[in-house]
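Novice: My questions are about this predicted structure, shown below with the sequence.
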Amino acid sequence: MKASQILINKIKEFEGVKLKAYKCPAGVPTIGVGHTQGVKMGQTITIEQAESLLKGDLLPVENYLNSLPHSFTQGQFDALADFAFNLGVSKLSHSTLLKLVLQGERDNLIQAEFTKWVYVGGKKLQGLINRRNWEATRWTE
């Protein structure tokens, strides 16, 4: 499976599209649509480069999800892909969320697990609350 256009649009909405490097709420230099690898403050890119970086950043997420011994609906795939894009494949791979998914737990338990991941540096962020709520909803679409 691949990330849907619904997800790509939502990632752009959540992350914003910024053509000049900035520091995200976690203090990490970021550019484009949430791209962090090798970013230097002061760096600039084009909109085309931002789109290309986003697709490249989604590839390892898609590959990881496709390697799991589980069949997903597009909504489930998008929900997990957004989570992994935002927090990293490593966080997803070691999470209770993924454990519940692979155990075939009920949707409401999985959806509740998404909503626990809303803190940065011990602070609850409204942007993460919104994002996790979207993922929880997308899970059942």
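Specialist: Here it is on my side, so go on.
Novice: Enumerate the positions of stretch 18-31 that are buried.
Specialist: 18, 21, 29-31 (16 or more other C-beta atoms under 10 Å). (Glycine included, C-beta is placed from N, CA and C.)
Novice: quick one: average confidence on it?
Specialist: The average pLDDT within stretch 18-31 is 92.
Novice: pretty sure residue 110 belongs to a helix, no?
Specialist: Yes - checked against DSSP: H, G, I helix; E, B strand; the rest coil, residue 110 lies within a helix.
Novice: which ones are touching it?
Specialist: 97, 100-101, 136, 139 (C-beta atoms under 8 Å, 6 or more residues apart in numbering).
Novice: distance of it from residue 128?
Specialist: According to C-beta to C-beta, to the nearest Å, residue 110 stands 18 Å off from residue 128.
Novice: do residue 61 as well
Specialist: Distance, residue 61 to residue 128, by C-beta to C-beta: 18 Å.
Novice: And residue 63, by the same measure?
Specialist: Distance, residue 63 to residue 128, by C-beta to C-beta: 25 Å.
Novice: okay, the two: which has more neighbours?
Specialist: residue 128 (19 against 10; other C-beta atoms under 10 Å).
Novice: And the more buried one, its phi and psi?
Specialist: Main-chain dihedrals, residue 128, degrees, to the nearest 10: phi -70, psi -30.
Novice: give the contact list for it.
Specialist: 117-120.
Novice: where along this structure do the strands fall?
Specialist: 18-23, 29-32, 119-120, 123-124 (DSSP state E).
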